[in-house]
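A.B. asks: Show me the folded form of this:
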Amino acid sequence: MVNMPKLIPLVLFLSILSVNIAGQENKPFSKKVEPDTSKPGNLSFLKSCNGKYPFDVKLIDKPAMKKRLQKLLGLPQFDYMKKNLVDVATPIKVKGGYFYSWSMQAHSGNEFGATIMADIGKNVLYVIIRKDSQDQLYSEDGSAVPKALLDMAKEK
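C.D. replies: Alright, predicted model coming up:
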């Protein structure tokens with residue numbers, strides 16, 4: 001059952017995200033990090049997460065995901081995300097070879113949140129960390145977030 005008070009910040013976040021995306025070029029903020037293509041870092045396991053909540057599947061604790069997120073974000077930012085940005089979430093979406101997961105800090109009015117996205121076929125992670133309503137984009141290969149993933153973020 002959907003908790004309506006928790007749904008309001010989600011709708012607000014998606015509205016803000018679509019305005020921010022429409023008004024900005026989609027350029028990664030962070031350093032370029034080569035994706036880890038070894039077996040422990042393979043992202044194909046994400047296909048089995050469709051429709052589930054990130055906290056139910058322990059998404060950021062899965063060894064393949066944890067290792068890559070730590071490398072991409074750095075330990076301080078990873079620890080911040082793990083501690084603060086997992087209270088409220090939408091079900092994970094997997095569609096057309098792309099993965100999308102959004103969560104935020106409870107009662108933050110969407111000033112603090114995290115979006116984890118992946119191009120499963122290319123084995124590339126993208127993360128957006130929102131602090132104080134400012135988005136910081138991380139891309140494993142330095143590329144922009146694919147349009148298909150941005151479209152998934154806008155879906156209601």
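A.B. asks: buried set for stretch 46-59?
C.D. replies: 46, 49, 53-54, 57, 59 (16 or more other Cβ atoms under 10 Å). All C-beta spots, glycine's among them, are computed from the backbone N, C-alpha and C.
A.B. asks: scratch that, stretch 58-76
C.D. replies: In stretch 58-76, counting by 16+ other Cβ under 10 Å, buried: 59-60, 64-66, 68-69, 71-73.
A.B. asks: Ok, stretch 90-97 next?
C.D. replies: Buried, per 16+ other Cβ under 10 Å, within stretch 90-97: 90, 92-94.
A.B. asks: Can you convert those into CSV and add a column each for distance to Phe78, secondary structure and pLDDT?
C.D. replies: Output for the buried residues of stretch 90-97, formatted as CSV (distance: Cβ to Cβ, whole Å; DSSP: H, G, I helix; E, B strand; the rest coil; pLDDT from 0 to 100):
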residue, distance to Phe78, secondary structure, pLDDT
Thr90, 21, coil, 90
Ile92, 19, coil, 95
Lys93, 22, strand, 95
Val94, 22, strand, 95
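A.B. asks: Report the two of the residues you listed separated the most.
C.D. replies: By the measure Cβ to Cβ, Thr90 and Val94 form the most distant pair in those, at 12.8 Å.
A.B. asks: about what we covered before: please identify which pair of the buried residues of stretch 58-76 lies farthest apart.
C.D. replies: Leu59 and Lys71 (16.1 Å).
A.B. asks: hey, C-alpha coordinates of stretch 136-144 in PDB?
C.D. replies: Extracted as PDB, the C-alpha positions of stretch 136-144 are listed here (Å, rounded to 0.1, in the frame of the first residue of the first chain):
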ATOM      1  CA  GLN A 136      25.900  16.300  -8.200                       C
ATOM      2  CA  LEU A 137      26.100  13.800 -11.000                       C
ATOM      3  CA  TYR A 138      28.700  10.900 -11.100                       C
ATOM      4  CA  SER A 139      29.300   8.800 -14.100                       C
ATOM      5  CA  GLU A 140      31.600   5.900 -14.200                       C
ATOM      6  CA  ASP A 141      32.800   6.500 -17.800                       C
ATOM      7  CA  GLY A 142      32.400  10.300 -17.800                       C
ATOM      8  CA  SER A 143      29.400  10.100 -20.200                       C
ATOM      9  CA  ALA A 144      26.100  11.900 -19.900                       C
END
